[in-house]
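Peer 1: structure for the following, please:
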Amino acid sequence: MQSLSLPNFNWESYDSTTKHNTRIKMASHDSQTKTRVLCKESYAQELYDLYTGHNGAFLDISKDFSAGQLCNVVAKSIDFENKVIITEDVATKSTVFVPFREFTEEPSLLMHDQDLREFKVVITKADDGDYYGSERKCAAITYRENLNDFMKSDKWFYVKVVSLVKGGYLALYKGTVKCFLPGSHAAANVIRDFNDYLNAEIPVMIENFDSANDLYIVSYKKYIKHTLPQKVYELEFGKEYTGVLTNNPYDFGIFVEFQNYYTGLLHKTEFENYSEYCKGKKAGDQIKFFIKDISLKKGETRIILTDTLDKVDQERIAWQSLKSTAEGHLLNFVLEKDTFNVVIQLPDDAGTFRSDVNHLKGKIRIPSSGQVKISKIDVIRKNLKLEFMSL
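Peer 2: Model prediction:
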């Protein structure tokens, strides 16, 4: 199949492989002198017919576009044989040919997705003098603008690691913009097999821009540091985790990496005989553990680990259980006026929970009974947010 018109469009197929339009019906004198019409747009025949009535010599008309021009186009048909998308410029109704190689999506998707058919292109001049539209180059301009904004606002984004290079990896943002991911910034700790990261999509943040090589320097470690104060709340007290030793055991304890993101310390005081435990242990070995404590002080996050469940604070485990059963629920309560505590009935007759609400005195009116929503439970700080329903 040479050419396929897209649904809801009636578009004539044009020969996209020649520099001139061979479909124009020319007058005899122009045919004899081998006159060529360079315009390939749908109105080319109409233009030619107008110029044949001109009294002077035949005018050499240049293309409507110039290199670097930005255009909004709509896809009209797909020429699979010549691997080109035939589009129409929204502003001028001129034809713009977009080679498959200059389109970031699979061209056949245009047949099924109406939203994809309108897009932006940059007009580009080929070596042979022909003009064509490049959606890929236009997308690259937009993506670079995105990265510049991310660099200013410290936002994180995903890149795909595509190859190993000296000192780290080459990665692509949106499959287009090249980024350099240093090996020292590609993992939470030490990388043991660099091939494990090939073809992986990982979240990163921009460290710097290398203008000499036109590369954005990105970092997974910076992403971890930036997001850890929020993601640490996803950890659970009372749950058994599995991680790996980041290094050989130190005199003071063991650093453990888990979920390819978090790093916690298992201090030597957690063991009855630390030196005996460490015998034969080395970087990369697996270890099972529990979260004992999480410290959030002055922008620093510390995750303290322990080797057995019975060493975890039981109050922490109770708060964790409360979070899993009651957060987001609308529950019945009774106010104890003498202590100004609310006694909340937990779901599924799982008992009651008492919360001191003295800090709310004078701020809101709390009825003697009713319903309250536990909108948020902070296990780390051991507090919760209550929303009392109005009667």
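Peer 1: quick check: Glu81 vs Tyr197, distance?
Peer 2: 40 Å (Cβ to Cβ, to the nearest Å). For every residue, glycine as well, the C-beta is placed using N, CA and C.
Peer 1: can you give me the neighbour number for Asn213?
Peer 2: 9 (other Cβ atoms under 10 Å).
Peer 1: how far does stretch 337-354 sit from the chain's center?
Peer 2: In terms of Cα atoms, centre = their mean, to the nearest Å, the centre of stretch 337-354 is found 42 Å from the chain centre.
Peer 1: do the same with stretch 374-388
Peer 2: For stretch 374-388, the distance to the chain centre is 30 Å (Cα atoms, centre = their mean).
Peer 1: list the buried residues of it.
Peer 2: Within stretch 374-388, the residues scored as buried using 16 or more other Cβ atoms under 10 Å are 374, 377, 379-380, 384, 386, 388.
Peer 1: from the rest of the structure, what touches that stretch?
Peer 2: With Cβ atoms under 8 Å, 6 or more residues apart in numbering as the test, stretch 374-388 has contacts from 232-233, 237, 294, 296, 315-316, 319-320, 322-323, 326-329, 331, 342, 344, 355, 357, 364, 366-367, 370-373.
Peer 1: please redo it, this time with the cut-off set to 7 Å
Peer 2: 233, 237, 294, 296, 316, 319-320, 322-323, 326-329, 331, 355, 364, 366, 370, 372-373 (Cβ atoms under 7 Å, 6 or more residues apart in numbering).
Peer 1: which ChimeraX command selects the buried ones in the residues you listed?
Peer 2: Burial among these is assessed by 16+ other Cβ under 10 Å; the matching ChimeraX selection reads:
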select :233,237,294,316,319,320,322,323,326,331,366,372,373
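Peer 1: now whichever strand or helix holds Leu266: average pLDDT?
Peer 2: For Leu266, the enclosing helix or strand under DSSP states H and E is strand 262-267. Across strand 262-267, pLDDT averages out at 97.
Peer 1: switch to numbering from 32
Peer 2: All set: I'll call the first residue 32, so the last point we hit is now strand 293-298.
Peer 1: and the helix or strand just after that strand, what's buried?
Peer 2: Sequence order places helix 305-309 as the next helix or strand after strand 293-298, per DSSP H and E. In terms of neighbour count (16+ other Cβ under 10 Å), helix 305-309 has its buried residues at 305, 308-309.
Peer 1: what does stretch 64-79 give?
Peer 2: Buried, per 16+ other Cβ under 10 Å, within stretch 64-79: 68, 70-73, 75-76, 79.
Peer 1: which pLDDT value does the model give Thr123?
Peer 2: Per-residue confidence (pLDDT) for Thr123: 84.
Peer 1: equivalent analysis for the one 4 residues further on, please.
Peer 2: Taken from the predicted model, the pLDDT recorded for Val127 is 92.
Peer 1: how about Phe40?
Peer 2: Note on Phe40: pLDDT of 53.
Peer 1: how about Ser421?
Peer 2: pLDDT at Ser421 comes out at 69.
Peer 1: in terms of secondary structure, what does the longest strand along the chain contact?
Peer 2: Longest strand of the chain, by residue count under DSSP state E: strand 317-328. On a contact count with 3 or more Cβ pairs under 7 Å, 6 or more residues apart in numbering; DSSP states H and E, strand 317-328 meets strand 271-276, strand 331-337.
Peer 1: hmm, try it at 8 Å
Peer 2: Contacts defined by 3 or more Cβ pairs under 8 Å, 6 or more residues apart in numbering; DSSP states H and E place strand 317-328 against strand 271-276, strand 284-289, strand 293-298, strand 331-337.
Peer 1: list of residues touching the second one?
Peer 2: Contacts made with strand 284-289 from outside it, assessed by Cβ under 8 Å, 6+ apart, are listed as 219-220, 272-278, 294-299, 301, 305, 309, 312, 318, 320, 336.
Peer 1: buried ones among those?
Peer 2: 219-220, 272, 274-277, 294-297, 299, 301, 305, 309, 318, 320, 336.
Peer 1: now the buried residues of helix 305-309 as TSV including distance to Leu212 and pLDDT?
Peer 2: Below are these laid out as TSV (distance: Cβ to Cβ, whole Å; pLDDT from 0 to 100):
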residue	distance to Leu212	pLDDT
Tyr305	37	93
Tyr308	36	92
Cys309	33	92
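Peer 1: tell me which of those is nearest to Phe181?
Peer 2: The closest of these to Phe181 turns out to be Cys309 (Cβ to Cβ; 42.6 Å).
Peer 1: tell me which of the buried residues of stretch 64-79 fall in strands.
Peer 2: Among the buried residues of stretch 64-79, no residue falls in strands (DSSP E).
Peer 1: part of a helix, is Thr66?
Peer 2: No. Counting by DSSP: H, G, I helix; E, B strand; the rest coil, Thr66 falls outside a helix, being coil.
Peer 1: pretty sure it contacts Met57?
Peer 2: Yes. Counting by Cβ atoms under 8 Å, Thr66 does reach Met57; the two are 6.6 Å apart.
Peer 1: what's the helix ranked longest in the chain packed up against?
Peer 2: As assigned by DSSP state H, the longest helix anywhere in the chain is helix 166-184. For helix 166-184, the elements it packs on are strand 149-156, strand 188-196, strand 199-204, strand 208-213, strand 232-241, judged by 3+ Cβ pairs under 8 Å, 6+ apart.
Peer 1: okay if I get these as JSON lines plus mean pLDDT?
Peer 2: Below are the helices and strands packed on helix 166-184 laid out as JSON lines (pLDDT from 0 to 100):
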{"stretch": "strand 149-156", "mean pLDDT": "92"}
{"stretch": "strand 188-196", "mean pLDDT": "97"}
{"stretch": "strand 199-204", "mean pLDDT": "96"}
{"stretch": "strand 208-213", "mean pLDDT": "96"}
{"stretch": "strand 232-241", "mean pLDDT": "96"}
